[in-house]
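S.K.: when you get a sec, could you give me coordinates for this:
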Amino acid sequence: MKRDMEIIRRILLNAEDDKYPYGGRVHLDGVSDETCAYHVALILDAGLADGEVIKSTLCPYAAAMIHRLTPAGHDFCDGIRRDTIWRKVREHFIDSGKPIVFAVIVEYVKMEVRRLFP
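M.R.: Numbers count the residues shown, from 1 in each chain. Sure, this is the predicted structure:
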C-alpha cells in the first residue's frame, strides 16, 4: 500500500478535533478501514500519536484507534492545519514526484511553524 499524506493529514486533524472518541475506530469517508489502519500505523511509527492497530487473520490492518496525539503530533498538526504550510508541503514534497521521507516532512512543517514566530 502506498502512503498518502492527505489521508495522514485528515486522520491527524480529526484526532486533534476529537472526532474519534477514546476506543473508537478511525474512519474517513471514502477510505477503506484497511487503508485508514495502515496510515494510523505510519502515524504511530512516526511518534505522532498513541493508539493501536487491530489485526485479523485475513488482514494485518483491519482497524485502528488513536488514543491521543503526542506533543510531536500536536506540533505537526499546528503546521498542517495551516493551508499555506500544507500547500508548501504538497508543492515541495508530495506533488514534486520526488521520493520523500516522512521524518523530513515532519521536520519541514516544524521549520515552517517556527518561521511564523521569529
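S.K.: what helices or strands is the longest helix anywhere in the chain leaning on?
M.R.: Ranked by residue count and defined by DSSP state H, the top helix of the chain is helix 102-116. Using 3 or more CB pairs under 8 Å, 6 or more residues apart in numbering; DSSP states H and E, the elements in contact with helix 102-116 are helix 71-80, helix 83-89. C-betas here are computed from N, CA, C, even on glycine.
S.K.: need the residues that contact the last one.
M.R.: Counting by CB atoms under 8 Å, 6 or more residues apart in numbering, the neighbours of helix 83-89 from elsewhere in the structure are 5, 9, 79-80, 105, 108-109, 112-113.
S.K.: okay, those in TSV with pLDDT next?
M.R.: Below are these laid out as TSV (pLDDT from 0 to 100):
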residue	pLDDT
Met5	93
Arg9	96
Gly79	93
Ile80	94
Ile105	90
Tyr108	92
Val109	92
Glu112	91
Val113	88
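S.K.: show me which of these are buried.
M.R.: Buried residues within the contacts of helix 83-89, defined by neighbour count using 16 or more other CB atoms under 10 Å: 5, 9, 79-80, 105, 108-109, 112-113.
S.K.: in terms of pLDDT, where does the nearest residue to His39 once chain neighbours are set aside sit?
M.R.: In space, and not counting its chain neighbours, His39 is closest to Ile7: 4.8 Å by CB to CB, 6 or more residues apart in numbering. pLDDT, Ile7: 97.
S.K.: Ile7: neighbour count?
M.R.: Other residues lying near Ile7 total 18 when counted by other CB atoms under 10 Å.
S.K.: just the C-alpha atoms of the one helix or strand it maps to, please, in PDB.
M.R.: Following DSSP states H and E, one finds Ile7 within helix 5-16. What follows is helix 5-16 as a C-alpha-only set of coordinates in PDB (Å, rounded to 0.1, in the frame of the first residue of the first chain):
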ATOM      1  CA  MET A   5      -0.100  12.300   3.100                       C
ATOM      2  CA  GLU A   6      -3.600  13.600   2.600                       C
ATOM      3  CA  ILE A   7      -5.000  10.700   4.500                       C
ATOM      4  CA  ILE A   8      -2.500  11.200   7.200                       C
ATOM      5  CA  ARG A   9      -3.400  14.800   7.400                       C
ATOM      6  CA  ARG A  10      -7.100  14.100   7.600                       C
ATOM      7  CA  ILE A  11      -6.600  11.500  10.300                       C
ATOM      8  CA  LEU A  12      -4.400  13.700  12.500                       C
ATOM      9  CA  LEU A  13      -6.600  16.700  12.200                       C
ATOM     10  CA  ASN A  14      -9.700  14.600  13.000                       C
ATOM     11  CA  ALA A  15      -7.900  13.200  16.000                       C
ATOM     12  CA  GLU A  16      -7.000  16.600  17.300                       C
END
